[in-house]
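Peer 1: Pasted the sequence and its predicted model underneath.
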Number of protein chains: 2
Amino acid sequence: MQAYHALEQRFARLSRLDGALGILGWDKEAIMPLGAAGERGEQIATLSVIRHELLTETQTDELLDRAERDDAATLDHWQAANLREMRRQHAHAVAVPAELVETASRAATTCEVAWRQARADSDFAGLLPKLAEVLSTQRAIGQAKGEALGLSPYDALLDQYDAGTRQDFIDPIFSDLQAGFPALLAEVLEHQAHQPAPLPLPGPFPVAIQRRLGETLMQAAGFDGTRGRLDVSTHPFCGGATDDVRITTRYDEADFSSALMGVLHETGHALYEQGRPRAWLAQPVGQARGMTLHESQSLLIEMQACRGDAFLAYLSPQLTASFGENPAWATDNLRRHYRQVRPGLIRVDADEVTYPAHILLRYRLEKALIGGQLALADLPGAFNDGLRSLLGIEVPDDRRGCLQDIHWPGGAWGYFPTYTLGAMTAAQLYQAAVADEPKLEASLALGDFSILVGWLRTRIHGRASETDTATLVRDATGRPLDASIYQAYVRRRYLAR
Amino acid sequence: MQAYHALEQRFARLSRLDGALGILGWDKEAIMPLGAAGERGEQIATLSVIRHELLTETQTDELLDRAERDDAATLDHWQAANLREMRRQHAHAVAVPAELVETASRAATTCEVAWRQARADSDFAGLLPKLAEVLSTQRAIGQAKGEALGLSPYDALLDQYDAGTRQDFIDPIFSDLQAGFPALLAEVLEHQAHQPAPLPLPGPFPVAIQRRLGETLMQAAGFDGTRGRLDVSTHPFCGGATDDVRITTRYDEADFSSALMGVLHETGHALYEQGRPRAWLAQPVGQARGMTLHESQSLLIEMQACRGDAFLAYLSPQLTASFGENPAWATDNLRRHYRQVRPGLIRVDADEVTYPAHILLRYRLEKALIGGQLALADLPGAFNDGLRSLLGIEVPDDRRGCLQDIHWPGGAWGYFPTYTLGAMTAAQLYQAAVADEPKLEASLALGDFSILVGWLRTRIHGRASETDTATLVRDATGRPLDASIYQAYVRRRYLAR
């Protein structure tokens, strides 16, 4: 067990470096003075390099070999899973030559900076050379990792964000979604056309009151305020470190409703982090399983629980208490407000029904770009064709088209599908939780999330990376991820009278 | 130059680790949720160990040897000073065996925790064993460093906080101060007895208004808000990182005056950090010279500039604008308020005149404890005798006596003298600045610090660690640190009609 225990110490050190990086990253987005950007970049780069060196040095490999050879028989279930996760992280890290890591990182940083301007100018042609450099380095990373891990390049990229998830798994599920999508959307829009429009929100909504309400609801949902914070940043996120989960939001005094659901969304992420098994917090096996499950937790809290009838009934008097009496706070009106469907150009503003269309398109395009079936110069046309065929709308310029997201210029290829896999997983988990716990929805109507969160603690949070995503979903719901469950959920919520 | 350049890279990495540690430390004191304390301790310990390993590994020593042998002739003045500082930091770090570093750190952490309770209970006997362990490990560190650096143990401890400052230098200066102290204090108190008492401050003073006023004055004093922040913490401090100086204060709604001067005090520290030479920010030679000069900068801004007549005349209408008309804001009254002398038990609450007495006592005692001339069990008696003889007051319990400060339980032995050396240096620097710049005080009366800060930038901030403290003071003021200048300043300020 000597080698295994030495590995635990080594990975605990990596975990503390990750924690330091998490706090430095949060600070950078939330409160850092502008003039500190250069030095902060150096601090983060220094810690990242030290982390990479510690993970890839020869001794780590030797310890892994020794532990796999000498200790495997004596490891318990969690220790064995931990050793497997250590090997996985190590394999990813050593698969890519240091020069390629650096070239890719520099290409992404350069392109991301240029992208901010190119997006503003809707200048795809201007960005093309830099974006081509990012694509070519990402493809090289996919090839290098693919060779080392026995995967296709795209699967290897995907595996960075979602261990074990493969195109073979995604393709049929997304095909199902896509096949049913046009009819479903038409039906939802037709149904909506016969409903009354939601009453407008009677603002302004002072930030201090929005914050207090958000904090109250976070706490009701189970967020442990002794081990985390809520702050403000331009782009909301969930970050921080072990026992110190930092979520952020962005307030709009004219409309409380997006910050409020944003806080609850990030609270879903935070509950996952705060619910990881205490004994394994500093080890690879104690980490959240991947981006699909992470997104499933935020969407489960936001979309499944908090936009559901039960919670909206609880929210209604809370809004009266916070903002004064108004017919807009009637549960019926909140339902209509929070479930409006409007096909649009921008992914991050999309409603729940049309969101998957944005993902189906990006997934198809990035696979084709990595695989070489689509030339980068042809991306705008392909993007615009895709959006027209899925949502029936014309993209007027690349700013609101293929330049809208940071993922591709920033080097996050293979990330997009986890959003929709997460949404589907959320629906399937929630349905199983409601079936297992008959009192769940009645408790949500009282603002009590303990039954729901308790169910998630046992099935998802507390199991961390003990097994793979597919097994976690199957164990929790009794079946593999299934597009039909998600589709049935959408029909129930958006086609109800 | 190859070895020297490799060292620059290595020390830049250390500087970024220091920056990361600075932000993590600030966060811990200012905003970290309580439940994160354990993990934050692990993150800080991990980065500290990595820092220590990088500094002490064989390769650093070899590079220093090679640079000193092969590159010395070709280094310019700043590079040579940089190499000297690198060697100094390395010599300190390698002098102490790793086990002793760890034992001492654990002893201090344990004792500091126990001290919080022991102080509350006034229980010196209960703390004694733990404090003895701290003393013995600090003495061992002093011996180890002393042997390596050719210094006495106490000088070696002192050198950690103030490079090059020795007992031989301090003793005659502190003797002068102590010899004149009883007569000076009696004279000041006699003089004060014939002055009207200051009018009470008409509170309450809302925190938001105090903060705005503090920010305005910080900015007037030259604080660069694009490279720093002002926040709140229980114990005010100046921390953070390069290009990201974080100062804190603590507001009291009943009395704005201490937070206000506290902000200006920390601004003095911040100006030093923000004024370091840009080309050398990440190198040892670009660091602030030591605790005496650091304290001199905070006290120069707070005591010399901001409690002086010129600035108080500027402050008076600012207070009216912030808190409304009141006779308490008359410049005369502010002078009386900010210059009250009251011999008391608590160092951190002491006025400028009596503060040195607290330091003279602690300096004498900690030297004797490290040297073995005083047994730790005899500390309370010696402390109480000392305070009686210096200030003529009786210490009623150890809580308000030898247990009041964190320095000894926390392992900061050799630190105390820098407070009073800093106060003396501040007076001497300010006097020289006023002599060099005839318009300085008139500009302060307009809230314009640019002449003063410009003078400090050239003489102190911008020279960083290019030479030793004594030389910096002599170059700036034309003479070595001189107790008589400080004493004359105290007489001028506290015995004026």
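Peer 2: Looks like it came in fine. Numbering: from 1, shown residues only, chains lettered A, B, ... in the order given.
Peer 1: got the residues of the stretch 151-300 of chain A near chain B?
Peer 2: Where the stretch 151-300 of chain A comes near chain B, counting by C-beta under 8 Å from any C-beta of the partner chain, the residues are A:224-229, A:241-244, A:281-282. For every residue, glycine as well, the C-beta is placed using N, CA and C.
Peer 1: For ChimeraX, write the selection for the buried entries among these.
Peer 2: What follows is the ChimeraX syntax for the buried subset of those, where burial is set by 16 or more other C-beta atoms under 10 Å in any protein chain shown:
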select /A:224,227,228,229,241,242,243,244,281,282
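Peer 1: Go through the residues of the stretch 151-300 of chain A next to chain B and say which is closest to B:Arg116.
Peer 2: Distances from those to B:Arg116 were compared by C-beta to C-beta; the smallest belongs to A:Thr226, at 19.7 Å.
Peer 1: returning to what we had before: farthest-separated two in the residues of the stretch 151-300 of chain A next to chain B?
Peer 2: Within those, two members stand farthest from each other by C-beta to C-beta: A:Gly225 and A:Ala282, at 22.2 Å.
Peer 1: How about whichever residue of the stretch 51-200 of chain A sits closest to chain B, nearest residue that isn't a chain neighbour?
Peer 2: Scanning the stretch 51-200 of chain A for proximity to chain B using C-beta to the nearest C-beta identifies A:Leu54 as nearest, at 8.5 Å. The shortest distance from A:Leu54 to any residue other than its chain neighbours is 6.1 Å, reached at A:Leu14 (C-beta to C-beta, 6 or more residues apart in numbering or on different chains).
Peer 1: give me the number of residues near the one you found?
Peer 2: By other C-beta atoms under 10 Å in any protein chain shown, 21 other residues sit near A:Leu14.
Peer 1: before we move on, the earlier item: now the helix or strand hosting the residue of the stretch 51-200 of chain A closest to chain B against helix B:37-56, angle please.
Peer 2: A:Leu54 is part of helix A:37-56, with elements assigned from DSSP states H and E. Regarding helix A:37-56 and helix B:37-56, their directions subtend 80 degrees when assessed with axes from the mean of the first three to the mean of the last three C-alpha atoms, to 10 degrees.
Peer 1: Please spell out which residues along helix A:37-56 are buried.
Peer 2: Taking 16+ other C-beta under 10 Å as the criterion, helix A:37-56 shows A:39-40, A:42-44, A:46-47, A:50-52, A:54-56 as buried.
Peer 1: Could you do stretch A:173-186 as well?
Peer 2: Under the neighbour-count criterion of 16+ other C-beta under 10 Å, stretch A:173-186 has A:173-174, A:176-178, A:180-181, A:184-185 buried.
Peer 1: and if you look at stretch A:147-160?
Peer 2: A:151-160.
Peer 1: For the helix holding A:Leu54, name the packing helices and strands.
Peer 2: Counting contacts by 3 or more C-beta pairs under 8 Å, 6 or more residues apart in numbering or on different chains; DSSP states H and E, the secondary-structure elements packed against helix A:37-56 are helix A:2-30, helix A:77-95, helix B:2-30, strand B:238-241.
Peer 1: next structured bit after the second one?
Peer 2: Helices and strands here follow DSSP H and E; after helix A:77-95, the next one along the chain is helix A:98-121.
Peer 1: and chain A, what are its domains?
Peer 2: A:2-154, A:155-497 (automatic domain parsing).
Peer 1: can you put those domains in a markdown table and add mean pLDDT?
Peer 2: A markdown table is the format used below for the domains of chain A (pLDDT from 0 to 100):
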| stretch | mean pLDDT |
| --- | --- |
| domain A:2-154 | 96 |
| domain A:155-497 | 97 |
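Peer 1: isn't A:Ala67 right next to A:Phe11, touching?
Peer 2: No: distance between A:Ala67 and A:Phe11: 11.4 Å, which falls outside the contact criterion (C-beta atoms under 8 Å).
Peer 1: Look up phi and psi at A:Gly414.
Peer 2: Taking degrees, to the nearest 10, you get phi 100, psi 10 for the backbone angles of A:Gly414.
Peer 1: Compute the distance between the closest residue to it other than its chain neighbours and B:Gly381, please.
Peer 2: Ranked by C-beta to C-beta, 6+ apart and with sequence neighbours excluded, the top spatial neighbour of A:Gly414 is A:Leu157, at 3.2 Å. For A:Leu157, the distance to B:Gly381 equals 72 Å [C-beta to C-beta, to the nearest Å].
Peer 1: Three-state assignment for the residue nearest to A:Arg84 when sequence neighbours are not counted, please.
Peer 2: In this structure, A:Arg84 finds its nearest non-sequential neighbour in A:Val285, 7.9 Å apart by C-beta to C-beta, 6+ apart. Taking DSSP: H, G, I helix; E, B strand; the rest coil as the rule, one finds A:Val285 in the helix state.
Peer 1: center of chain A, which residue is that?
Peer 2: Here the mean C-alpha position of chain A is nearest to the C-alpha of A:Glu295 (C-alpha atoms, centre = their mean), at a distance of 3.9 Å.
Peer 1: list the helices and strands the helix or strand where it lies packs on?
Peer 2: In this assignment (DSSP H and E), A:Glu295 forms part of helix A:291-299. Counting contacts by 3+ C-beta pairs under 8 Å, 6+ apart, helix A:291-299 packs against helix A:256-274, helix A:417-436, helix A:469-477.
Peer 1: related to what we said a few turns ago, which ones are touching the residue nearest to A:Arg84?
Peer 2: Counting by C-beta atoms under 8 Å, 6 or more residues apart in numbering or on different chains, A:Val285 makes contact with A:78, A:81-82, A:84-85, A:464-466.
Peer 1: List only buried entries from the residues you listed.
Peer 2: The buried subset of those (16+ other C-beta under 10 Å) comprises A:78, A:81-82, A:84-85, A:464-466.
Peer 1: Excluding chain neighbours, give the residue nearest to A:Gly462 in space.
Peer 2: Leaving aside its sequence neighbours, A:Gly462 sits nearest to A:Pro277 (C-beta to C-beta, 6+ apart; 5.4 Å).
Peer 1: So that neighbour sits against A:Ala464, correct?
Peer 2: Yes: counting by C-beta under 8 Å, A:Pro277 sits close enough to A:Ala464 to count as a contact (5.6 Å).
Peer 1: shared neighbours of these two, which are they?
Peer 2: Counting by C-beta under 8 Å, 6+ apart, the contacts common to A:Pro277 and A:Ala464 are A:Gly286.
Peer 1: I'd like the distance between A:Arg364 and A:Ser484.
Peer 2: Going from A:Arg364 to A:Ser484 by C-beta to C-beta gives 21 Å.
Peer 1: the more surrounded of those two?
Peer 2: A:Arg364 (18 against 13).
Peer 1: Now do the SS call for A:Gln404.
Peer 2: Assigned by three-state DSSP, the conformation of A:Gln404 is coil.
Peer 1: ok, it to A:Arg479 distance?
Peer 2: Applying C-beta to C-beta, the value for A:Gln404 to A:Arg479 is 35 Å.
Peer 1: which of those two has more neighbours?
Peer 2: Just comparing A:Gln404 and A:Arg479: by other C-beta under 10 Å the higher neighbour count belongs to A:Gln404, 18 against 11.
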